[in-house]
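Q: how would this look folded up:
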Amino acid sequence: MASVVITLRVMPDTPEADLHAIEKRVSELVQEFGGSVGKVEHIPVAFGLKSLNVIFVMDESLGSTEELEKEAAAIPHVNSVEVTDVRRAIG
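A: The predicted structure follows:
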């Protein structure tokens, strides 16, 4: 099986949410899921609100990320979680 690179967008519920705490917990969940976080970006959205783009690699044999998304959405001060990009790694 190949590896896939996934971008997970995590939207906090307010601009005052602690992005670093959310980032830390999401990274832990990704590792528990079997992935490896490569990069986390803080992307300005509007009115001081920033999203987290968590880019990670996982083996495609793990299947869907639906359970990971549900767990991440349950983190306090997280409004929504969605996969915005999936790419197969070559090499």
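
Q: and the nearest residue to residue 43 once chain neighbours are set aside, what element?
A: Excluding its sequence neighbours, the residue lying closest to residue 43 (Cβ to Cβ, 6 or more residues apart in numbering) is residue 51, at 4.9 Å. Using the backbone N, CA and C atoms, a C-beta is placed for each residue, glycine as well. Using DSSP states H and E, residue 51 sits within strand 49-59.

Q: likewise for residue 71?
A: Judged by DSSP H and E, residue 71 forms part of helix 66-73.

Q: buried sites along stretch 45-55?
A: Buried residues in stretch 45-55, counted by 16 or more other Cβ atoms under 10 Å: 49-55.

Q: whoops, I mixed them up, stretch 62-81
A: In stretch 62-81, counting by 16+ other Cβ under 10 Å, buried: 65, 68-69, 71-72, 75, 78, 81.

Q: quick one: low-confidence parts of the protein?
A: Filtered on pLDDT under 70, the chain yields the residue ranges 91.

Q: run through who's touching whichever strand or helix holds residue 28.
A: Element membership for residue 28 (DSSP H and E) is helix 19-33. Helix 19-33 is touched from outside by 8, 10, 12, 36-37, 40, 42, 50, 52, 54, 56, 58, 62, 65, 67-68, 71-72, 75, 77-78, with contacts defined as Cβ atoms under 8 Å, 6 or more residues apart in numbering.

Q: dump the C-alpha coordinates for it into CSV.
A: The C-alpha trace of helix 19-33 is given here as CSV (Å, rounded to 0.1, in the frame of the first residue of the first chain):
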residue,chain,number,x,y,z
LEU,A,19,-4.6,27.5,18.6
HIS,A,20,-1.5,26.0,20.1
ALA,A,21,-3.5,23.8,22.5
ILE,A,22,-5.7,22.7,19.7
GLU,A,23,-2.7,22.0,17.5
LYS,A,24,-1.1,19.9,20.2
ARG,A,25,-4.2,17.8,20.7
VAL,A,26,-4.8,17.3,17.0
SER,A,27,-1.2,16.3,16.5
GLU,A,28,-1.6,13.7,19.3
LEU,A,29,-4.8,12.4,17.7
VAL,A,30,-3.1,12.0,14.3
GLN,A,31,-0.2,10.0,15.9
GLU,A,32,-2.7,7.8,17.8
PHE,A,33,-4.5,7.3,14.4
